[in-house]
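**Q** Pasted the sequence and its predicted model underneath.
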Amino acid sequence: MMRAALFDDEFIVVQGLQTMVCWEKFGIELIGTAQNGLEALDYFEANKPDIILTDIRMPGLDGLALIERILELESTTLCIVFSGFNDTAYLKKAIKLGVVDYLEKPVTLSKVEDVLARTIKKANEIKRIKTLETEWEINKQERLKQVLLQLMLHHEEGEKNWEQVMQSYSKKVYGFTVLALASKDFIQKEKPNLKSIPIRSGNEYFLVLLHLTALSSQHSKDLVTSNVKGQVGIGRTYTEPGDLFKSYQQARKACRYAKFLEVSALHYEDIETYNTAPQDVSSIEKAIFASMRTTDEANLKEHVMSWMKELRQTRQLELMEREIARMVYLGLEVAKEHGAQDPGDDYDFHQEIRRLNTSEAMENWLLFKMISFLNGIQQAKNKESQGAVERAEVFIENYYHKDITLQDVAARAGMSATYFSMLFKETTGTTYIKYLTNIRIEKAKELLLNGGKVKEVSEQVGYHSYRHFTEVFKKHTGVSPGLYRVKK
């Protein structure tokens with residue numbers, strides 16, 4: 001419902017219009033009245049009605065001055081004036097000021113209703129046109145965003161579409177700058193000579209700045225920097241729309257560096273000022289791979305962190321990405337040499353690394369990968385060790401009756417005697433000699449129970465000294481071989 005106010009110095013006019021007119025029928029609420037120009041102006045400033053009905057001649061401030069002041073304050077206000085037969089000159093001036101209609105005195109109910117009906121119709125038409133203009137402006141803005149995105153992505157139709165968009169754009173564009181935003185939550189500071197267009201591409205957020213005045217290079221750079229608050233990467237400013245994709249690519253790179261270097265705003269051309277030459281880290285790399293081969297996780301962590309500390313000092317994002325990728329691929333080769341599972345040719349470490357924004361995230365990711373390789377080596381060793389021990393157990397089962405030594409069994413497992421002895425005990429829980437002795441005694445028990453003679457059984461299970469066999473048997477069973485056979 002629209003809101004109206006009535007201003008006239010004649011009480012009878014005000015009273016009559018208040019009571020006689022059915023304002024609700026026209027969708028209008030009469031919210032107040034005043035009987036002189038100054039009171040009317042004060043009331044308008046306090047309440048901002050949509051429609052005013054005012055007499056041309058009033059004390060304090062006449063109707064024309066009042067209308068002029070009201071339209072300065074709120075240009076969309078719909079003004080209706082009352083005029084007498086001799087007010088022709090005033091009426092012409094009122095129409096020139098922008099009144100939408102007028103009422104000739106004496107005022108009658110039918111005249112008022114006709115004017116209100118025309119005013120509401122005009123108000124609805126103004127509203128409809130305003131809606132269309134708003135929709136047109138929104139569509140124009142969306143079209144501008146689409147074309148700018150085409151230019152950023154170097155679409156072949158971009159420049160042609162830009163020319164079409166510029167035909168309906170009222171201001172000349174002198175230059176283009178792309179800002180890549182670290183997040184969508186940014187503060188944009190409006191500048192009269194810059195038009196900021198927010199654009200989203202996938203999960204990335206950008207601002208395209210349209211320069212509306214010709215600027216020097218340094219002036220342009222300072223102006224762009226002061227336009228936003230937040231972590232951003234800033235591309236170079238270009239004068240041709242076809243070069244917008246260059247600013248876009250530069251802004252993306254600068255934004256990655258801004259996050260990596262933990263600075264708020266970074267211009268593309270300033271990236272090089274942060275770089276330093278890398279140090280020789282070959283000795284640390286050798287220590288890393290040695291720790292992997294010996295599956296020493298604590299040393300591996302220490303050496304990887306030392307390596308990252310040296311690399312971090314270069315402050316070169318691309319160099320760090322390349323070196324970390326190289327380290328991971330070398331680490332994978334070491335792991336594969338020692339039997340660890342290969343993740344396959346389709347696995348792309350580079351893609352994972354490019355998602356990391358800070359050196360801390362890179363270090364944590366590298367540690368995770370290298371430790372996973374180390375664990376792969378450990379698992380391969382465990383599997384290999386288990387297989388070696390199982391082969392040794394089979395060999396002992398088949399050749400326990402012969403004079404086999406620790407060196408013989410270790411050779412079968414493909415290991416040194418010392419390492420095999422340690423591995424065998426870790427896996428079975430007993431030493432090689434105790435395991436062999438237990439096998440021989442169990443076999444001897446079976447043979448004795450089947451009626452075998454002690455001396456013959458002694459030789460059949462690998463003991464060529466009858467006395468030594470008897471001592472070992474009694475130690476394990478508590479009785480001599482002969483007594484064991486008799487008792488059983």
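**A** Here it is on my side, so go on.
**Q** C-alpha only now, for contacts and for neighbours.
**A** Noted.
**Q** in what helix or strand does Leu61 lie?
**A** Leu61 belongs to no helix or strand when assigned by DSSP states H and E.
**Q** Give me the neighbour count for the closest residue in space to it that isn't next to it in sequence.
**A** Leaving aside its sequence neighbours, Leu61 sits nearest to Gly37 (C-alpha to C-alpha, 6 or more residues apart in numbering; 4.1 Å). As a burial measure, Gly37 scores 26 neighbours (other C-alpha atoms under 10 Å).
**Q** Then the one 10 residues further on?
**A** For Asn47, the number of neighbouring residues by other C-alpha under 10 Å comes to 14.
**Q** Now it. Its backbone dihedrals?
**A** Dihedral angles of Asn47 (phi, psi; degrees, to the nearest 10) stand at phi -120, psi -20.
**Q** pretty sure the residue nearest to Leu61 contacts Ile67?
**A** No - Gly37 is beyond contact range of Ile67, at 9.7 Å (criterion: C-alpha atoms under 8 Å).
**Q** Gln407 against Ala417, yeah?
**A** Yes - in terms of C-alpha under 8 Å, Gln407 counts as a neighbour of Ala417; the distance is 5.3 Å.
**Q** could you dump stretch 234-242 to PDB, C-alpha only?
**A** Extracted C-alpha coordinates of stretch 234-242, given in PDB (Å, rounded to 0.1, in the frame of the first residue of the first chain):
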ATOM      1  CA  ILE A 234      47.200  -9.400  -8.700                       C
ATOM      2  CA  GLY A 235      47.900  -9.800 -12.400                       C
ATOM      3  CA  ARG A 236      49.300  -7.100 -14.700                       C
ATOM      4  CA  THR A 237      47.100  -4.400 -16.100                       C
ATOM      5  CA  TYR A 238      46.400  -4.700 -19.900                       C
ATOM      6  CA  THR A 239      44.800  -2.200 -22.300                       C
ATOM      7  CA  GLU A 240      43.500  -4.800 -24.800                       C
ATOM      8  CA  PRO A 241      40.600  -7.200 -23.900                       C
ATOM      9  CA  GLY A 242      42.400 -10.000 -25.700                       C
END
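**Q** buried ones in stretch 352-364?
**A** For stretch 352-364, the neighbour count (16 or more other C-alpha atoms under 10 Å) marks 353, 356-359, 362-363 as buried.
**Q** Among the residues you listed, which lie within helices?
**A** 353, 359, 362-363 (DSSP state H).
**Q** Let's have those residues in CSV, adding distance to Ser183 and pLDDT.
**A** Below are those laid out as CSV (distance: C-alpha to C-alpha, whole Å; pLDDT from 0 to 100):
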residue, distance to Ser183, pLDDT
Ile353, 20, 89
Ser359, 19, 86
Met362, 20, 91
Glu363, 23, 93
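**Q** For this structure, which segments are assigned as strands?
**A** Assignment of strands within the chain using DSSP state E yields the ranges 2-7, 28-34, 51-55, 78-83, 101-104, 175-181, 187-188, 194-201, 204-211, 228-229, 232-234, 265-267.
**Q** care to break the protein down by domain?
**A** Per automatic domain parsing, the structural domains of the chain span 2-107, 158-267, 282-381, 383-487.
**Q** who wins for proximity to Met152 among those?
**A** domain 158-267 (4.0 Å; C-alpha to C-alpha).
**Q** Figure out the length between the terminal residues of the closest one.
**A** Terminal residues of domain 158-267 lie 25 Å apart, using C-alpha to C-alpha, to the nearest Å.
**Q** what pLDDT, on average, does that domain get?
**A** Domain 158-267 shows a mean pLDDT of 81 in the predicted model.
**Q** chain center to it: distance?
**A** 20 Å (C-alpha atoms, centre = their mean, to the nearest Å).
**Q** which one of the domains of the chain has the lowest average pLDDT?
**A** In terms of average pLDDT, domain 158-267 trails the rest of the domains of the chain, at a mean of 81.
**Q** All the helices of the stretch 251-400 of the chain, residue numbers only.
**A** For the stretch 251-400 of the chain, applying DSSP state H, counting those that start in this stretch gives helices covering 282-293, 297-312, 317-337, 349-354, 359-399.
**Q** The last one packs against which elements?
**A** Packed against helix 359-399, as judged by 3 or more C-alpha pairs under 8 Å, 6 or more residues apart in numbering; DSSP states H and E, are the following elements: helix 282-293, helix 297-312, helix 317-337, helix 406-413, helix 417-428.
**Q** Mind putting these into a markdown table with mean neighbour count?
**A** Below are the helices and strands packed on helix 359-399 laid out as a markdown table (neighbours: other C-alpha atoms under 10 Å):
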| stretch | mean neighbour count |
| --- | --- |
| helix 282-293 | 17 |
| helix 297-312 | 18 |
| helix 317-337 | 18 |
| helix 406-413 | 17 |
| helix 417-428 | 16 |
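**Q** Go through those helices and name the closest to Glu459.
**A** Comparing the helices and strands packed on helix 359-399 by C-alpha to C-alpha, helix 406-413 comes nearest, at 19.5 Å.
**Q** Could you tell me the backbone phi and psi angles at Val461?
**A** Backbone torsions for Val461, taken as degrees, to the nearest 10, come to phi -100, psi 10.
**Q** My guess is it contacts Lys445. True?
**A** No - counting by C-alpha under 8 Å, Val461 stays clear of Lys445, with 10.1 Å between them.
**Q** Of these two, which one has the most company?
**A** Using other C-alpha under 10 Å as the criterion, Val461 and Lys445 rank with Val461 on top: 22 against 18.
**Q** Can you give me the separation between that one and Glu74?
**A** According to C-alpha to C-alpha, Val461 and Glu74 sit 116 Å apart.
**Q** re the thing from before, mind giving me a markdown table with the helices and strands packed on helix 359-399 and columns for distance to Val454?
**A** As requested, the helices and strands packed on helix 359-399 are arranged in a markdown table below (distance: least, C-alpha to C-alpha, whole Å):
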| stretch | distance to Val454 |
| --- | --- |
| helix 282-293 | 51 |
| helix 297-312 | 54 |
| helix 317-337 | 52 |
| helix 406-413 | 26 |
| helix 417-428 | 30 |
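**Q** which stretch among those comes nearest Leu78?
**A** Short answer: helix 317-337, nearest of the helices and strands packed on helix 359-399 by C-alpha to C-alpha, at 62.3 Å.
**Q** relative orientation of that closest one and helix 359-399 in degrees?
**A** Helix 317-337 runs at 10 degrees relative to helix 359-399, counting by axes from the mean of the first three to the mean of the last three C-alpha atoms, to 10 degrees.
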